[in-house]
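**Q** From the sequence below, what's the structure:
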Amino acid sequence: MIYLLIAVSLGVAMGAHSDFAMRSVHSHLNLLGCPGNEPLGPNEEFLSIVGRSFPRAAPGTIVELRSDIDGGALLVRGRTATPGATLVVWHRDGGAVQIDTEGLGEVTEHRVDGGRYLTAEVTAADYRFELVGRGA
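**A** Numbers count the residues shown, from 1 in each chain. This next block holds a predicted model:
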């Protein structure tokens, strides 16, 4: 359990700083078992919970958050007093998805083991990020 907490904390820190240099350490920590640090491989129950898209870092206040676990859709609406920070969304590996935004700059994709981070600079006080489709 401690390795999971460390891995999640590391993932949040990487997303908040848009620095993904430690992604291999982050992904491997999620696959270690206690005691003994034995590799567990993919855990389908765990992946079904965290396998849907979610905001890893959202500047300001999230005013609306909707996630459709069956269809893979995600809606994040936020409000910030200081535009310029980065929105970071995690999305599980899969095919193409449709992304629609307001109040955000260009969306950039950063591939990591098991998924991808989608990042965009917040350019307005009110912003919206909508992802449609699982991409699987």
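
**Q** I'd assumed A120 was in a strand, is it?
**A** Yes: assigned with DSSP: H, G, I helix; E, B strand; the rest coil, A120 falls within a strand.

**Q** Please name the spatially closest residue to it (chain neighbours excluded).
**A** Closest residue to A120 apart from its sequence neighbours, by Cβ to Cβ, 6 or more residues apart in numbering: L104 at 4.1 Å. Every C-beta, even on glycine, is put in place using the N, C-alpha and C of the backbone.

**Q** Now for that neighbour: which residues touch it?
**A** If a contact means Cβ atoms under 8 Å, 6 or more residues apart in numbering, then L104 has L87, A120, E121, V122, T123, A124, Y127, R128, F129 as its contacts.

**Q** Can you tell me how far it is from Y127?
**A** According to Cβ to Cβ, to the nearest Å, L104 and Y127 sit 5 Å apart.

**Q** between those two, what contacts are shared?
**A** L87.

**Q** of the contacts of L104, buried ones?
**A** L87, A120, E121, V122, Y127, R128, F129 (16 or more other Cβ atoms under 10 Å).

**Q** Throw the residues you listed into JSON lines and include distance to V112 and pLDDT, thanks.
**A** Converted to JSON lines, these look like this (distance: Cβ to Cβ, whole Å; pLDDT from 0 to 100):
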{"residue": "L87", "distance to V112": "17", "pLDDT": "97"}
{"residue": "A120", "distance to V112": "17", "pLDDT": "97"}
{"residue": "E121", "distance to V112": "20", "pLDDT": "98"}
{"residue": "V122", "distance to V112": "22", "pLDDT": "98"}
{"residue": "Y127", "distance to V112": "23", "pLDDT": "98"}
{"residue": "R128", "distance to V112": "24", "pLDDT": "98"}
{"residue": "F129", "distance to V112": "18", "pLDDT": "98"}
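
**Q** Determine which two of those are furthest apart.
**A** Spanning the widest gap among these are E121 and R128, at 14.1 Å by Cβ to Cβ.

**Q** all strands for the chain, in order.
**A** 32-33, 38-39, 54-57, 61-67, 74-79, 86-92, 98-102, 108-112, 115-121, 126-132 (DSSP state E).
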